[in-house]
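> Need coordinates for the following:
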Amino acid sequence: MKITDIEAIELRLPEIVERSSGAQDTLLVRIKTDSGIEGIGEVDSSPQVAQAIINAPVSHTLVRGLREVLIGADPLETEVLWHRMYQATIFIGRHAAVIHTMAGIDLALWDIKGKALNQPVYKLLGGGFHTKVRAYASILFGWTPQETEAIGKRWVDEGFTAVKFGWEPLGQDEQTDIALVESARRGVGDDALLMIDAGCTWDARTAMRRERQFRDASITWLEEPLHQDDIDGYRRLCSTSETPIAAGEGEATRDEFLRLMDDGGIDVVQIDPARVGITETMKIASLARDRHRKVVNHSYKTRINIAASLHFLAAVPDAFLLEYCVEDSALLQELTNETFTLEDGFVSVPQQPGLGVTINEEAVAKYRVS
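Below you'll find the predicted structure:
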């Protein structure tokens with residue numbers, strides 16, 4: 001089997017709201033083969049930048065678009081192709097957008113591999129420790145404590161037993177921060193898990209203070225309270241915090257995750273398959289397990305990423321939560337034919353060959369950017 005084409009399709013809602021929501025656009029990756037099998041993936045990055053990384057012509061031995069790198073290759077050789085893509089972009093890549101783009105391609109390659117071998121991806125990763133994963137509703141804070149409380153109640157009423165609130169308006173001032181977290185706890189009630197994503201908003205001393213102030217809310221973890229490069233700040237915070245500290249969504253390589261774990265001391269390692277790729281995700285998950293850190297996914301795109309996350313979490317022994325974006329985004333709701341229904345607070349791992357998602361072509365036509 002050989003790769004015959006790679007299509008990078010930018011999808012975008014007609015109106016983009018300037019909030020911290022990644023569910024308003026995406027880059028859909030479609031890889032075609034001479035056997036007729038097609039794989040799909042998505043990139044969680046700037047869609048136009050990632051599209052250029054795929055389509056760019058050769059400029060140099062170590063600077064070329066990923067489409068040129070992969071045409072004619074065997075899509076089943078996922079490890080070989082990861083290395084080939086990395087080497088072909090070493091002068092422009094090694095971090096961030098290039099790795100994100102490689103990740104979206106990697107998802108599509110694993111989708112092809114599963115379809116070719118007639119197996120769900122998690123079985124190709126070594127098998128399933130879980131057939132379903134407890135999901136948490138992932139949503140932004142409301143603009144007011146009252147709105148935040150209502151949002152929390154809504155998602156508990158929808159059947160979620162865990163909810164995470166994130167980003168703005170957290171970080172404006174102490175009074176607002178405390179009020180938002182208290183209202184989030186009231187909204188979800190005493191029994192549900194509550195996570196708080198600070199959106200990289202504080203310095204280390206402020207984060208230490210907020211962690212203490214949030215203890216009465218019994219949060220399961222405090223996520224990304226610091227700038228993603230503030231490794232020393234994470235070390236200081238983690239050394240004093242009674243609340244588990246989570247981070248990782250801004251990282252794309254093993255080295256970056258190792259720095260967060262070994263130097264920063266984080267407790268919960270958040271890996272985004274659409275920024276890291278399944279090939280590397282499994283290696284990072286193994287490194288986290290060696291260090292006795294909990295592993296969860298990060299996902300704030302479409303259900304392509306949810307499917308990829310379910311497969312990797314199924315293959316990780318101590319995976320315990322699935323981030324499930326519940327943004328009211330038409331793109332998220334319409335892009336795949338599968339919806340991954342919540343049942344008793346859990347989402348089942350797909351059992352179909354590959355990632356287990358199919359594309360709604362009407363949605364692609366509707367949101368495609370020409």
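> For the longest helix belonging to the chain, list every residue counted as buried.
Criterion DSSP state H: the longest helix present in the chain is helix 96-117. For helix 96-117, the neighbour count (16 or more other CB atoms under 10 Å) marks 96-116 as buried. In short, each C-beta sits where N, CA and C put it, glycine included.
> Only alpha carbons, please: show that helix as CSV.
Taking C-alpha atoms only, helix 96-117 is exported to CSV below (Å, rounded to 0.1, in the frame of the first residue of the first chain):
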residue,chain,number,x,y,z
ALA,A,96,4.9,23.8,18.0
ALA,A,97,3.1,24.1,14.6
VAL,A,98,5.3,21.6,12.6
ILE,A,99,4.9,19.0,15.3
HIS,A,100,1.1,19.8,15.5
THR,A,101,0.9,19.2,11.8
MET,A,102,2.8,16.0,12.0
ALA,A,103,0.4,14.9,14.7
GLY,A,104,-2.7,15.4,12.5
ILE,A,105,-1.0,13.4,9.8
ASP,A,106,-0.1,10.7,12.3
LEU,A,107,-3.7,10.4,13.4
ALA,A,108,-4.7,9.8,9.8
LEU,A,109,-1.9,7.2,9.3
TRP,A,110,-3.1,5.2,12.4
ASP,A,111,-6.7,5.4,11.0
ILE,A,112,-5.4,3.8,7.8
LYS,A,113,-3.4,1.2,9.7
GLY,A,114,-6.5,0.2,11.7
LYS,A,115,-8.7,0.0,8.6
ALA,A,116,-6.1,-2.0,6.7
LEU,A,117,-5.7,-4.5,9.6
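> now it, how far from the chain's geometric center?
Relative to its chain's centre, helix 96-117 lies at 14 Å (CA atoms, centre = their mean, to the nearest Å).
> Dump the helix or strand following it to PDB, restricted to CA.
Next along the chain after helix 96-117, taking DSSP states H and E as the criterion, comes helix 121-124. Provided in PDB are the C-alpha atoms of helix 121-124 (Å, rounded to 0.1, in the frame of the first residue of the first chain):
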ATOM      1  CA  VAL A 121      -6.500   1.600  16.900                       C
ATOM      2  CA  TYR A 122      -6.300   0.800  20.600                       C
ATOM      3  CA  LYS A 123      -5.700  -2.800  19.900                       C
ATOM      4  CA  LEU A 124      -2.700  -1.900  17.700                       C
END
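> thinking in terms of the whole chain, how far from its middle is helix 121-124?
Centre-to-centre, helix 121-124 and its host chain are 19 Å apart (CA atoms, centre = their mean).
> If you count contacts, what does it end up packed against?
helix 96-117, helix 303-314 (3 or more CB pairs under 8 Å, 6 or more residues apart in numbering; DSSP states H and E).
> Compare those and give me the one nearest residue 147.
The minimum distance between residue 147 and the helices and strands packed on helix 121-124 falls on helix 303-314, with 25.5 Å, by CB to CB.
> Name the next helix or strand following the closest one along the chain.
Scanning onward from helix 303-314 (DSSP H and E), the first element met is strand 322-325.
> Check which element follows that following strand along the chain.
Counting by DSSP H and E, what follows strand 322-325 is helix 330-334.
> So which elements touch that following helix?
With contacts defined as 3+ CB pairs under 8 Å, 6+ apart, helix 330-334 has these neighbours: helix 361-367.
> what comes into contact with the helix it packs on?
9, 11, 12, 13, 28, 330, 331, 334, 335 (CB atoms under 8 Å, 6 or more residues apart in numbering).
> Now for those: which two are most distant?
Greatest spatial distance among the contacts of helix 361-367 (CB to CB): 9 and 330, at 16.5 Å.
> Confirm residue 7 sits in a strand?
Yes. Assessed with DSSP: H, G, I helix; E, B strand; the rest coil, residue 7 lies in a strand.
> So it sits against residue 27, correct?
No. If you go by CB atoms under 8 Å, residue 7 and residue 27 don't touch, sitting 10.4 Å apart.
> I'd like to check which residues are in contact with the closest residue to residue 233 other than its chain neighbours.
Nearest residue to residue 233 in three dimensions, chain neighbours excluded: residue 204, at 3.5 Å (CB to CB, 6 or more residues apart in numbering). Counting by CB under 8 Å, 6+ apart, residue 204 touches 226, 230, 232, 233, 234, 236, 237.
> next one: residue 254
Here residue 254 is in contact with 280, 283, 284, 287 (CB under 8 Å, 6+ apart).
> Thanks a lot, catch you later.
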